[in-house]
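**Student:** return a 3D structure for these sequence lines:
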Amino acid sequence: MALRWRLLLVTLTAALLIGFGALARARVEPVSVLMPAPFADASADLVQEFNSSHQGIQLTVTRGPLETEAVSDLAISSLLLENSPYDLLLMDVTWTPKYAAAGWLEPLESWLGTDAMEDLAAGAELGNAFSGHLWRFPLVADMGLLYWRTDLMEAPPRTPAELVAISRRLQRESRVTWGYVWQGKQYEGLSCVYLEVLRGFGGSWLMDDQPQLDSPAALAATGWLQDLVRQGVTPAAVANMGEPEALQLFQAGDAAFMRNWPYAWAELNKPESPLRGKVAFTTMVSDVGNPHAATQGSWGFSLLAGSKHKAAAVEVLRYLTSAEAQKQLNLRWGYTPTRLSVFEDPELLAANPALGDLQQALAASVLRPLSPVYAQLSDLLYRELNTVITGDRADQTAMQQVQSNSERLLRTSGGQG
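**Tutor:** Coordinates of the predicted model:
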């Protein structure tokens with residue numbers, strides 16, 4: 001009889017243990033994040049560390065496409081079908097208004113608190129809020145930079161005229177084939193290039209939600225880019241150049257200046273690079289009295305409104321954007337941080353002396369228009385700009401066209417720029 005009771009007790013205990021184990025497993029909340037491929041690769045160690053230290057949450061990352069817009073297309077496809085498997089989305093700074101206006105995002109201020117943005121460096125706070133709410137928390141910063149050859153000059157140009165003068169002198173001396181290379185093909189990179197030049201000539205893309213692309217400043221900016229090609233400072237092939245093509249030409253020693261993003265700094269300073277130790281960067285040239293602008297291109301996390309695991313997802317967001325995570329991303333992958341405490345970290349400053357210059361460039365960053373229809377506005381702009389660069393259209397004709405088309409787009413979309 002006693003044996004029977006003991007067997008029954010053992011059986012009940014085992015059943016309870018199995019039940020508790022199943023319950024514990026059931027309490028593990030899955031959190032899914034969609035990231036572009038480079039960020040997914042760079043975050044792999046952080047994901048593993050998170051899962052090891054957070055027993056109640058299982059974090060998985062979907063490695064999205066390489067191209068920015070392809071990632072957005074993937075996210076939107078699932079959101080339109082109202083069955084998105086994602087809880088968090090790593091977003092480009094230009095997506096925020098579109099996603100927020102569509103109702104796809106959850107406001108973050110109630111989750112993160114009022115002091116969440118206090119540690120952000122100047123410039124990193126841009127592009128995260130729209131219509132009175134915080135929709136995104138920045139992970140890494142990105143901004144346009146003007147790279148210059150320290151083996152060819154003692155200081156960089158600070159005005160458009162100086163850039164042209166230095167370029168032409170170096171070309172006459174046969175020290176470089178080209179003066180300045182940049183992104184001129186029909187894509188988003190050209191809009192980023194133009195915004196920096198436009199601000200340098202004292203202009204704005206939008207003002208009070210109205211396009212300003214046929215203003216004297218806008219025409220001066222367009223004319224300067226066109227003249228770079230006409231005068232041979234920039235190769236005509238720039239009309240087909242993106243970031244990789246410009247970097248290839250510059251790294252080969254064929255140009256004195258290049259406009260690109262911070263990733264190029266690491267490429268230029270690899271041991272095998274011909275320009276290792278011969279390059280520095282600054283912000284874009286501008287006319288006297290106008291700002292030296294750097295187009296903001298940051299990436300940050302947004303919480304999807306349809307997530308069934310919001311609290312767990314916010315814990316993931318906090319972890320991946322923490323100072324320690326940003327420090328790892330900089331040390332291991334060269335990504336520019338967004339937190340002031342990371343920019344001031346002694347270990348990082350010793351490992352990357354250029355960090356202070358990156359912080360200054362971030363402080364000079366400017367946003368592209370915060371509009372739900374930004375992608376269409378940019379498409380209108382870079383298509384017309386490209387025709388100017390190729391010489392197919394006069395600059396004034398092209399900019400009048402983009403002004404008219406932009407006004408029409410904003411009217412039909414409700415006028416929200």
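
**Student:** poorly predicted segments of this structure, please.
**Tutor:** 1-26, 415-417 (pLDDT under 70).

**Student:** any idea how it splits into domains?
**Tutor:** 27-142+297-366, 145-295+371-412 (automatic domain parsing).

**Student:** and the ones you listed as JSON lines, adding mean neighbour count?
**Tutor:** In this view, the C-beta of every residue, glycine as well, is placed from N, C-alpha and C. Output for those, formatted as JSON lines (neighbours: other CB atoms under 10 Å):
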{"stretch": "domain 27-142+297-366", "mean neighbour count": "18"}
{"stretch": "domain 145-295+371-412", "mean neighbour count": "19"}
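
**Student:** need the distance between the two termini of stretch 39-55.
**Tutor:** 24 Å (CA to CA, to the nearest Å).

**Student:** and whichever strand or helix holds Val47, what does it pack onto?
**Tutor:** Element membership for Val47 (DSSP states H and E) is helix 44-53. Judged by 3 or more CB pairs under 8 Å, 6 or more residues apart in numbering; DSSP states H and E, helix 44-53 is in contact with strand 57-63, helix 310-320, helix 323-333.

**Student:** only the C-alpha atoms, please, for it, written as PDB.
**Tutor:** Below are the C-alpha coordinates for helix 44-53, written out as PDB (Å, rounded to 0.1, in the frame of the first residue of the first chain):
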ATOM      1  CA  ALA A  44      23.800  39.000 -34.400                       C
ATOM      2  CA  ASP A  45      26.000  39.000 -31.300                       C
ATOM      3  CA  LEU A  46      23.700  41.500 -29.600                       C
ATOM      4  CA  VAL A  47      20.700  39.200 -30.300                       C
ATOM      5  CA  GLN A  48      22.500  36.200 -28.900                       C
ATOM      6  CA  GLU A  49      23.500  38.200 -25.800                       C
ATOM      7  CA  PHE A  50      19.900  39.400 -25.300                       C
ATOM      8  CA  ASN A  51      18.500  35.900 -25.500                       C
ATOM      9  CA  SER A  52      21.100  34.600 -23.000                       C
ATOM     10  CA  SER A  53      20.200  37.300 -20.500                       C
END
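
**Student:** which parts of the stretch 51-200 of the chain are helices?
**Tutor:** 68-80, 96-101, 109-112, 160-172, 188-200 (DSSP state H, counting those that start in this stretch).

**Student:** can you put these in CSV and add distance to Phe50?
**Tutor:** Putting the helices of the stretch 51-200 of the chain into CSV (distance: least, CB to CB, whole Å) gives the following:
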stretch, distance to Phe50
helix 68-80, 21
helix 96-101, 24
helix 109-112, 18
helix 160-172, 45
helix 188-200, 32
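
**Student:** so for Asn405, which of those helices sits nearest?
**Tutor:** If you check each of these against Asn405 by CB to CB, helix 188-200 wins as the nearest, at 14.1 Å.

**Student:** next, the angle helix 68-80 makes with that closest one.
**Tutor:** Helix 188-200 and helix 68-80 are oriented at 110 degrees to each other (axes from the mean of the first three to the mean of the last three CA atoms, to 10 degrees).

**Student:** what's the angle from helix 188-200 to helix 160-172?
**Tutor:** Angle of helix 188-200 versus helix 160-172, following the same axes, to 10 degrees, is 120 degrees.

**Student:** after helix 188-200, which helix or strand is next?
**Tutor:** With secondary structure assigned by DSSP H and E, helix 188-200 is succeeded by strand 206-207.

**Student:** so how far is that following strand from its chain's centroid?
**Tutor:** 21 Å (CA atoms, centre = their mean, to the nearest Å).

**Student:** same thing with stretch 274-290?
**Tutor:** Distance, stretch centre to chain centre, for stretch 274-290: 20 Å (CA atoms, centre = their mean).

**Student:** with distance to Val140 added, can I get the helices and strands packed on helix 44-53 in JSON lines?
**Tutor:** Converted to JSON lines, these look like this (distance: least, CB to CB, whole Å):
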{"stretch": "strand 57-63", "distance to Val140": "15"}
{"stretch": "helix 310-320", "distance to Val140": "11"}
{"stretch": "helix 323-333", "distance to Val140": "6"}
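
**Student:** neighbouring contacts of stretch 108-115?
**Tutor:** Stretch 108-115 has contacts (CB atoms under 8 Å, 6 or more residues apart in numbering) with 116, 133-137, 302-303, 310, 314, 318.

**Student:** pull up the distance across it, start to finish.
**Tutor:** 12 Å.

**Student:** for it, the distance to its chain's centre please.
**Tutor:** Centre-to-centre, stretch 108-115 and its host chain are 23 Å apart (CA atoms, centre = their mean).

**Student:** also stretch 42-54?
**Tutor:** Centre-to-centre, stretch 42-54 and its host chain are 23 Å apart (CA atoms, centre = their mean).

**Student:** same check, this time on stretch 367-382
**Tutor:** 15 Å.

**Student:** can you give me the first-to-last residue distance of that stretch?
**Tutor:** Using CA to CA, first and last residues of stretch 367-382 are 16 Å apart.

**Student:** ok, now stretch 230-238?
**Tutor:** Start-to-end span of stretch 230-238 (CA to CA) is 12 Å.

**Student:** over to stretch 229-248?
**Tutor:** 18 Å.
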